[in-house]
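Chemist: what would the 3D arrangement of this be:
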Amino acid sequence: MAFSLRQFLLVATGALGIAVAQPAVAAEPTLP
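Modeler: Numbering: from 1, shown residues only. All right, here's what the predicted structure looks like:
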């Protein structure tokens, strides 16, 4: 149970990190 919860948190954190990083990566080429 605890391992499953830890796995879920790890995946959720990874997905959140990607969701936050994606706009920054998409906007990067527009920077001077």
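
Chemist: so for the helix or strand encompassing residue 11, what's the average pLDDT?
Modeler: When secondary structure is defined by DSSP states H and E, residue 11 falls within helix 2-27. Helix 2-27 shows an average pLDDT of 85 in the prediction.

Chemist: check the offset of it from the chain's centre.
Modeler: 3 Å (CA atoms, centre = their mean, to the nearest Å).

Chemist: and the residue nearest the centre of the chain, how far is that from residue 2?
Modeler: For the chain, residue 17 is the residue whose C-alpha lies nearest the centre (CA atoms, centre = their mean; 1.9 Å). To residue 2, residue 17 is 22 Å away according to CB to CB, to the nearest Å. C-beta: built from backbone N, CA, C; applies to glycine.

Chemist: equivalent analysis for residue 18, please.
Modeler: 25 Å.

Chemist: higher neighbour count, these two?
Modeler: residue 18 (10 against 6; other CB atoms under 10 Å).

Chemist: kindly provide the distance from the more buried one to residue 3.
Modeler: Computed as CB to CB, the residue 18 to residue 3 distance reads 23 Å.

Chemist: how about residue 13?
Modeler: 16 Å.

Chemist: out of the two, which sits in the more crowded spot?
Modeler: The neighbour comparison of residue 13 against residue 3 (other CB under 10 Å) goes to residue 13, with 10 against 7.

Chemist: residue contacts, the more buried one?
Modeler: Contact analysis of residue 13 by CB atoms under 8 Å, 6 or more residues apart in numbering lists nothing.

Chemist: that concludes my questions; thank you for your assistance.
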